[in-house]
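Visitor: My questions are about this predicted structure, shown below with the sequence.
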Amino acid sequence: MIRWPWRRTGGLAPRSVLLWLAIVGLVACRWAGAAPLGAPAATATSLAPPRAIPTSELLPWSWEDRSPFRSGLRDSEAGVLEQLRGASTYHLDIEIAEDAMHLRGREEVCFTNQETTPLPEVVFRLFPNLWGASLTVSEVQVDGQSAQVRLENEESALFVALPEPLLPGQSLVISLSYALALPEGGSGNYGILGLDDGVLALPHAYPLIPAYDDQGWYVELAPEYGDVLYADTSFYLLRVRAPEDWTLVASGVSLERTVSDGWQVVTFAAGPMRDIYLSASQDYRVASRDVGGVRIHSYAQPGKEEARDRTLEIAASALQYFEQTLGAYPFTEFDLVETHTSALGIEYPGLVALAGDLYLEGDAALPREVLQAVVVHETGHQWFYGLVGNDQVQEPWLDESLVQYLTMRYYGAKYGESGATGFRRSLEERWQRAEDQGLPVGLPVEDYSISAYSAIVYGKGALFFEALEQRMGRETMDAFLQDYVTTYRFGMADSVGLQALAETHCNCNLAGLFNEWIYPKR
């Protein structure tokens, strides 16, 4: 996400999985209880006993079938379909009503316990209930049997009790039905959810299993500013029934589309991704471009073709830069869509939601350089938040500050020293707007005021990474960043892991630098 001072806007080594990989490895639903890859033979009593897993009744794909996701992955990334066998798989079937204000859905999730402890329950986040909408769940079953549930945290956390604790390596299928009713206009933090100005935006609009870490399930209530998602990578098959004249845009790729009696049914495959985003409009017009095996689509409403096309060109340039600096973008599609958010831009897997204000022309238009900065920043999030995950509520600096630093690097690469200097000046000015400029960068979102969050995480945080580069040297810094992406690819990083990897690359002790910039004074 990117917000600006003059506006109120906004390798496989998951942190919780590292130890478990050494013990039992990742397994798919069909292989629950199987011997771990690369591990010594174990006795039968040391392994979780296998469980019978119900077949999917919702969509025509078996749980172990990863073939629908192949077209959404570049050839170099195909191996991840086998490497992430333990990732959750979602089958989602939704219908959008003609008024676009109501949605009915059914969901099945094949979930594998990738932790080192038995799980007596599984949690689903119902984020719309925090944003003035209503997401209600019914008919919850575990492996075909009715399950006991309870709601907590302002009905944003649904706890599903399991018939018996799910042992590490075991899998099960949770199915449920749900209904979503939207309020008039955009709702949620930064107005990200709802129907407004002809655009239907549906972020986090389904029951989502959050991350599980040393503190347990992520069920906390995030502030009304900042991002909310903390979730592991999963695979999503989404079937949408909607009026025929709506253009549907979602994370991932479209597998098939049928039309009958004024209604369309479109099936999307997305993964491995941390979430799946869906937007729709009767007015979307699209421009597209191929960049090195990636199809980029830019969607906007009529009369905004110039900004739409410029968005496409900026995204293509940014994608090429980040690939050269950080490594390949793994997917075959990247979408940018005009929405009604009050943040200038918000990142989602394989997709960026951009504020309609960025597309205005004439007297109402924002400076042209704002669109470029936003699109570059949000494209960078496809690596940090997308590929390399983190707790965006407790450690927002890990993605926001790093992406801001890389945006400054992009300006230097494209426009020379003057470009980098100009962007750096904007970071300094942002930092100087903080009432307490000495605040550390590494605080949770809730520990900052709205203005301090912008000033410290987006301003000071980016300059920390510049200081880190000066300490390590540009060549070592680049090697570290590439290794960081490889090490935590499709996994979860944290502050400790980032510092340790940086120290490995520079062969130096960075405690003083991190204590000065990142960590609270003790």
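Guide: Yes, it's here. Not measured: the values here are computed from a predicted model.
Visitor: Retrieve the pLDDT associated with Ala34.
Guide: Listed pLDDT for Ala34 reads 32.
Visitor: same question but for Thr311, I mixed them up
Guide: 98.
Visitor: Which element, helix or strand, includes it?
Guide: Using DSSP states H and E, Thr311 sits within helix 305-326.
Visitor: which helices and strands sit right next to that helix?
Guide: Counting by 3 or more C-beta pairs under 8 Å, 6 or more residues apart in numbering; DSSP states H and E, the packing neighbours recorded for helix 305-326 are strand 285-291, strand 294-300, strand 333-339, helix 368-380, helix 397-415, helix 474-487. To be clear about C-beta, it is placed using only N, CA and C from the backbone, and glycine gets the same treatment.
Visitor: Just the angle for that helix relative to helix 397-415, thanks.
Guide: Relative orientation of helix 305-326 versus helix 397-415 (axes from the mean of the first three to the mean of the last three C-alpha atoms, to 10 degrees): 100 degrees.
Visitor: Using JSON lines, lay out the helices and strands packed on helix 305-326 together with mean pLDDT and mean neighbour count.
Guide: Output for the helices and strands packed on helix 305-326, formatted as JSON lines (pLDDT from 0 to 100; neighbours: other C-beta atoms under 10 Å):
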{"stretch": "strand 285-291", "mean pLDDT": "97", "mean neighbour count": "15"}
{"stretch": "strand 294-300", "mean pLDDT": "98", "mean neighbour count": "22"}
{"stretch": "strand 333-339", "mean pLDDT": "97", "mean neighbour count": "25"}
{"stretch": "helix 368-380", "mean pLDDT": "96", "mean neighbour count": "23"}
{"stretch": "helix 397-415", "mean pLDDT": "98", "mean neighbour count": "24"}
{"stretch": "helix 474-487", "mean pLDDT": "98", "mean neighbour count": "17"}
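Visitor: So for Val122, which of the ones you listed sits nearest?
Guide: Among those, helix 397-415 comes nearest to Val122, with 25.9 Å by C-beta to C-beta.
Visitor: so after that closest one, what's the next helix or strand?
Guide: Toward the C-terminus, helix 397-415 is succeeded by helix 417-432 as the next helix or strand (DSSP H and E).
Visitor: Can I get the helices and strands packed on helix 305-326 in CSV including distance to Ser134?
Guide: CSV is the format used below for the helices and strands packed on helix 305-326 (distance: least, C-beta to C-beta, whole Å):
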stretch, distance to Ser134
strand 285-291, 32
strand 294-300, 28
strand 333-339, 21
helix 368-380, 29
helix 397-415, 30
helix 474-487, 39
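Visitor: And these: which comes nearest Glu107?
Guide: Per C-beta to C-beta, nearest to Glu107 of the helices and strands packed on helix 305-326: strand 333-339, 22.8 Å.
Visitor: Counting by contacts, list what the closest one packs against.
Guide: Using 3+ C-beta pairs under 8 Å, 6+ apart, strand 333-339 is in contact with strand 199-202, strand 294-300, helix 305-326, strand 351-355, helix 368-380.
Visitor: Output the ones you listed as TSV; include the columns distance to Gly497.
Guide: Putting the helices and strands packed on strand 333-339 into TSV (distance: least, C-beta to C-beta, whole Å) gives the following:
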stretch	distance to Gly497
strand 199-202	33
strand 294-300	28
helix 305-326	17
strand 351-355	26
helix 368-380	19
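Visitor: how about the helices in this protein?
Guide: Secondary structure of the chain (DSSP state H): helices located at 18-23, 80-83, 305-326, 368-380, 397-415, 417-432, 450-452, 461-472, 474-487, 495-506, 511-517.
Visitor: Outside of the helix holding Thr311 itself, list whatever touches it.
Guide: 285, 287-289, 291-292, 294, 296-300, 329, 334, 336, 338, 352, 354, 358-361, 368, 371-372, 375-376, 379-380, 382-383, 406, 409-410, 413-414, 478, 481-482, 485 (C-beta atoms under 8 Å, 6 or more residues apart in numbering).
Visitor: do you know how far Val265 is from His91?
Guide: Separation of Val265 from His91 (C-beta to C-beta, to the nearest Å): 15 Å.
Visitor: Ile346 touches Ala353, doesn't it?
Guide: Yes. In this structure Ile346 lies within contact range of Ala353 using C-beta atoms under 8 Å: 4.7 Å.
Visitor: that older thread, quick one: which of Val265 and His91 has more around it?
Guide: Between Val265 and His91, counted using other C-beta atoms under 10 Å, the more crowded position is His91 (23 against 16).
Visitor: hey, what's the more buried one bridged with?
Guide: Using DSSP bridges, the bridge partners assigned to His91 are Glu108, Leu237.
Visitor: And it, how close does it get to Ser251?
Guide: His91 sits 15 Å away from Ser251, taking C-beta to C-beta as the criterion.
Visitor: still on that earlier bit, mind checking which of the helices of the chain is nearest Gly188?
Guide: Judging the helices of the chain by C-beta to C-beta, what sits closest to Gly188 is helix 450-452, at 15.5 Å.
Visitor: circling back to that earlier point, list the residues that contact both of Ile346 and Ala353?
Guide: Joint contacts of Ile346 and Ala353 (C-beta under 8 Å, 6+ apart) are Ile192, Pro203.
Visitor: coming back round to it: of the helices of the chain, give the one that comes closest to Leu255.
Guide: Closest among the helices of the chain, using C-beta to C-beta: helix 80-83, at 15.3 Å.
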